[in-house]
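A.B. asks: one predicted model, sequence on top.
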Amino acid sequence: MKVLLTGAAGQLGQALIASKPAGLELIACSRGELDLADAEACRVAVQAQRPDWVLNAGAYTAVDKAESEPELAQAVNAGAPGALAEALAETGGRLLQVSTDFVFNGEQGRPYQPDQALDPLGVYGASKAAGEAAALALPGAQVLRTSWVYGPVGHNFCCTMLRLHREREQLAVVADQVGCPTSTLTLAAACWRAIGVGADPAADAASSRILHWSDAGAASWYDFAVAIGELGVAAGVLERAARVTPLTTADYPTPAQRPSYSLLDCTTSCAALGLEPLHWREALADVLCCMAAARS
Ligand SMILES: NC(=O)c1ccc[n+]([C@@H]2O[C@H](COP(=O)([O-])OP(=O)(O)OC[C@H]3O[C@@H](n4cnc5c(N)ncnc54)[C@H](OP(=O)(O)O)[C@@H]3O)[C@@H](O)[C@H]2O)c1
């Protein structure tokens, strides 16, 4: 199988490269090889490579900055999957479009099902929702939504909190937004499964066009920051944890509004993928162990 990966330098892209299944031909494109803001370049890449799958892990992910750069966010997050899907329709390939819990408004107070109506609150979420629609115009496309992604490398909440735990005595973190942290390690495994690699014959990811994947459980950003401190000390990546105090969203205004409760119900998708999710604290412990191993 030949897979063209976009966003190869991103945190998910790096986890996908690190976990590349044996025997799979991976064409890994970072921004230098393929500019996702250039629709024609996306079409040309598919026509040149003729992959079995495009795994579109590249995205404009700066949620706040997107509010002042809506055209660029739209070009990368919606224009690119649209162009990739168009070219794949000609070459006969398939598309896995990675998407986000931010396509929902977070107001219903219970986990979102894959088939629920979208209502994004900000430019980033709206551009990702448009990207889902553009991808799904291709009959062979799948959308895999995930949430609160972090991993051992890249720009993410876990790496930022580890730095702040080291630098400060006390941190204040938002406690009234609830979702589920998702490790790039488990997310990469779910992406490979979604495109049929190592699939359990009893599972049928192909039957679900929209999949939800997050680690298990629920957390606020505050809970996540406390756990990063505790488990960071246990893993040996922190000497001590800072004291974490809760903030409200109103105390910490940001340019983009975020959903207050954006848990994804992953039950049917886990069954379709044939994967059992780890609780987010266990997944976090694994990521911190990877970081500790990389430091030693
Ligand atoms: N991060 C989260 O919390 C989160 C939550 C839910 C869903 N997701 C989704 O998960 C997927 C992976 O995100 P991630 O967390 O791995 O994000 P990331 O670390 O920010 O990686 C995104 C990658 O996309 C690349 N990119 C941005 N604009 C580009 C362009 N014009 N041309 C080519 N490449 C471009 C970036 O390139 P550079 O490295 O050159 O900047 C970066 O390597 C995305 O679809 C995202 O929407 C993320």
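C.D. replies: In hand now; what should we look at? Numbering: from 1, shown residues only.
A.B. asks: of all residues in the stretch 1-150 of the chain, which one is closest to the ligand?
C.D. replies: Distances between the stretch 1-150 of the chain and the ligand by Cβ to the nearest ligand atom are smallest at G10, namely 2.1 Å. In short, each C-beta sits where N, CA and C put it, glycine included.
A.B. asks: burial measure for that residue, as a count.
C.D. replies: Other residues near G10 come to 24 when the count uses other Cβ atoms under 10 Å.
A.B. asks: got it, and the one 5 residues further on?
C.D. replies: Other residues near A15 come to 25 when the count uses other Cβ under 10 Å.
A.B. asks: per-residue pLDDT of it, please?
C.D. replies: The model reports A15 with a pLDDT of 97.
A.B. asks: now swap in G154 and tell me
C.D. replies: Listed pLDDT for G154 reads 89.
A.B. asks: tell me the secondary structure for it?
C.D. replies: Judged by DSSP: H, G, I helix; E, B strand; the rest coil, the three-state class of G154 is coil.
A.B. asks: tell me who's in contact with the nearest residue to it once chain neighbours are set aside.
C.D. replies: If the residues on either side of it in the chain are set aside, G154 comes closest to Q11, at 3.1 Å by Cβ to Cβ, 6 or more residues apart in numbering. Taking Cβ atoms under 8 Å, 6 or more residues apart in numbering, we find Q11 in contact with V149, Y150, G151, V153, G154, H155, N156, T184.
A.B. asks: would JSON lines of those residues with distance to the ligand and neighbour count be doable?
C.D. replies: Formatted as JSON lines, the contacts of Q11 follow (distance: Cβ to the nearest ligand atom, whole Å; neighbours: other Cβ atoms under 10 Å):
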{"residue": "V149", "distance to the ligand": "4", "neighbour count": "23"}
{"residue": "Y150", "distance to the ligand": "7", "neighbour count": "25"}
{"residue": "G151", "distance to the ligand": "8", "neighbour count": "25"}
{"residue": "V153", "distance to the ligand": "9", "neighbour count": "18"}
{"residue": "G154", "distance to the ligand": "5", "neighbour count": "18"}
{"residue": "H155", "distance to the ligand": "6", "neighbour count": "11"}
{"residue": "N156", "distance to the ligand": "6", "neighbour count": "19"}
{"residue": "T184", "distance to the ligand": "7", "neighbour count": "30"}
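A.B. asks: out of these, who's nearest R258?
C.D. replies: Minimum distance to R258 across the contacts of Q11 is 14.4 Å, recorded for V149 (Cβ to Cβ).
A.B. asks: roughly how far apart are that closest one and E167?
C.D. replies: 23 Å (Cβ to Cβ, to the nearest Å).
A.B. asks: may I see the buried residues of stretch 69-81?
C.D. replies: L72, A73, Q74, A75, V76, N77, A78, G79, A80, P81 (16 or more other Cβ atoms under 10 Å).
A.B. asks: which of those residues are close to the ligand?
C.D. replies: V76 (Cβ under 6 Å from any ligand atom).
A.B. asks: now the buried residues of stretch 69-81 as TSV including secondary structure and pLDDT?
C.D. replies: Converted to TSV, these look like this (DSSP: H, G, I helix; E, B strand; the rest coil; pLDDT from 0 to 100):
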residue	secondary structure	pLDDT
L72	helix	98
A73	helix	98
Q74	helix	98
A75	helix	98
V76	helix	98
N77	helix	98
A78	helix	98
G79	helix	98
A80	helix	98
P81	helix	98
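A.B. asks: V54: which of the buried residues of stretch 69-81 is nearest?
C.D. replies: For the buried residues of stretch 69-81, the nearest to V54 is P81 (8.8 Å; Cβ to Cβ).
A.B. asks: the closest one contacts A135, correct?
C.D. replies: Yes. The pair formed by P81 and A135 meets the contact definition of Cβ atoms under 8 Å, at 4.3 Å.
A.B. asks: shared neighbours of the two, anything?
C.D. replies: N56, L95, Q97.
A.B. asks: now the last one, what's its secondary structure?
C.D. replies: Spelled out, it's Q97. Applying three-state DSSP: Q97 is strand.
A.B. asks: how about the nearest residue to it once chain neighbours are set aside, secondary structure?
C.D. replies: Residue nearest to Q97 in three dimensions, not counting chain neighbours: A135, with 3.7 Å by Cβ to Cβ, 6+ apart. Under three-state DSSP, A135 falls in the helix class.
A.B. asks: burial of A135, as a residue count?
C.D. replies: With neighbours defined by other Cβ under 10 Å, the count for A135 comes to 26.
A.B. asks: OK, contacts around S127?
C.D. replies: Counting by Cβ under 8 Å, 6+ apart, S127 has contacts Y60, A66, P70, A73, Q74, V76, N77, A78.
A.B. asks: and if we set it to 10 Å?
C.D. replies: Residues near S127 by Cβ atoms under 10 Å, 6 or more residues apart in numbering: 59-60, 66, 70-79, 100, 102-103, 120.
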